[in-house]
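>>> coords below, sequence missing:
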């Protein structure tokens, strides 16, 4: 069974640009959650999608957005990049229950110059 | 909102020694997850504890949940270099999984 796949693994952008990250969940999983990890803030919840609907959202500015497609694949977008957006972005999939185990991808490391 | 505090933040132990990592919640714990992360990589699920007093083991790693203390502990026996990494506890709060800051474990040969 294939795990959670995130692309790209590494990317470098400059301030003001935008970026789109992709996440393919485990087959059969309908929930995809996104997290931002930085040395200072740790793992911070961005949002969660379930069956193409955003079910929960963390405390991030509107520059951070996401969506989920009918095949459960998800994308997140960050517009007008800032230096502070440099982080490891992790995607996790689950069957959708609120107490179920989350399966994480390897992450996308974004560097903003 | 629920917050998880881990202690210690970092830990350096000699190979073969035992160690314990603690995770304390600001609210009642209804379930507690332990994950391990190699630097810059994704999280690997270790175990989930759901009931007060529950204890689970995986190889040389044992975790316990103390609901009354709103705390969980993770204990590694006879540590090995493969145990090195960042250990994170997580709990569901407001329908999302929140994490502690993590404990960075270094194993010295």
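On my side now, so go ahead. A quick note: this is a predicted structure, and the numbers were derived from the prediction, not measured.
>>> CA only for contacts and neighbour counts going forward, please
Will do.
>>> And the strands in the chain, which stretches?
Using chain A here. Applying DSSP state E to chain A gives strands spanning A:5-7, A:10-13, A:19-24, A:31-38, A:42-50, A:53-57, A:64-68, A:74-78, A:87-94, A:103-104, A:108-112.
>>> wrong one, I was asking about chain B
Assigned by DSSP E, chain B shows strands spanning B:4-7, B:10-14, B:19-25, B:32-37, B:43-49, B:55-58, B:61-66, B:71-76, B:85-93, B:96-99, B:103-108.
>>> helices or strands next to the longest one in the packing?
Under the contact definition 3 or more Cα pairs under 8 Å, 6 or more residues apart in numbering or on different chains; DSSP states H and E, strand B:85-93 sits against strand B:4-7, strand B:32-37, strand B:96-99, strand B:103-108.
>>> So what's the residue count around residue 20?
You didn't say which chain, so I picked chain A. 14 (other Cα atoms under 10 Å in any protein chain shown).
>>> Actually, chain B is the one I wanted.
15.
>>> Give me the distance between it and residue B:60.
For residue B:20, the distance to residue B:60 (Cα to Cα, to the nearest Å) stands at 12 Å.
>>> Pull up the overlap in contacts between those two.
residue B:76 (Cα atoms under 8 Å, 6 or more residues apart in numbering or on different chains).
>>> Contacts only, for residue 6.
Chain wasn't specified; assuming chain A. A:21, A:22, A:23, A:24, A:91, A:105, A:106, A:107, A:108.
>>> Not quite, go with chain B.
B:21, B:22, B:23, B:24, B:88, B:89, B:100, B:101, B:102, B:103.
>>> redo that, cut-off 7 Å
B:22, B:23, B:24, B:100, B:101, B:102, B:103 (Cα atoms under 7 Å, 6 or more residues apart in numbering or on different chains).
>>> Next, give me the two most distant ones among the residues you listed.
Greatest spatial distance among the contacts of residue B:6 (Cα to Cα): B:24 and B:103, at 12.7 Å.
>>> rewinding a little: let me have the helices and strands packed on strand B:85-93 in CSV, extended by mean pLDDT.
Formatted as CSV, these follow (pLDDT from 0 to 100):
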stretch, mean pLDDT
strand B:4-7, 95
strand B:32-37, 94
strand B:96-99, 85
strand B:103-108, 96
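>>> To residue A:73, which of those strands lies closest?
Of all those, strand B:96-99 sits nearest to residue A:73, with 19.2 Å by Cα to Cα.
>>> residues near the residue of chain A found nearest chain B, how many?
At 4.0 Å from chain B, residue A:106 is the closest residue in chain A, using Cα to the nearest Cα. A total of 23 residues lie near residue A:106 under the criterion other Cα under 10 Å.
>>> can you list the residues that contact stretch A:42-61?
Contacts of stretch A:42-61 (Cα under 7 Å, 6+ apart): A:30-37, A:67-70, A:72, A:96, B:99, B:101.
>>> who in chain B is up against chain A?
B:41, B:42, B:43, B:92, B:95, B:99, B:101 (Cα under 7 Å from any Cα of the partner chain).
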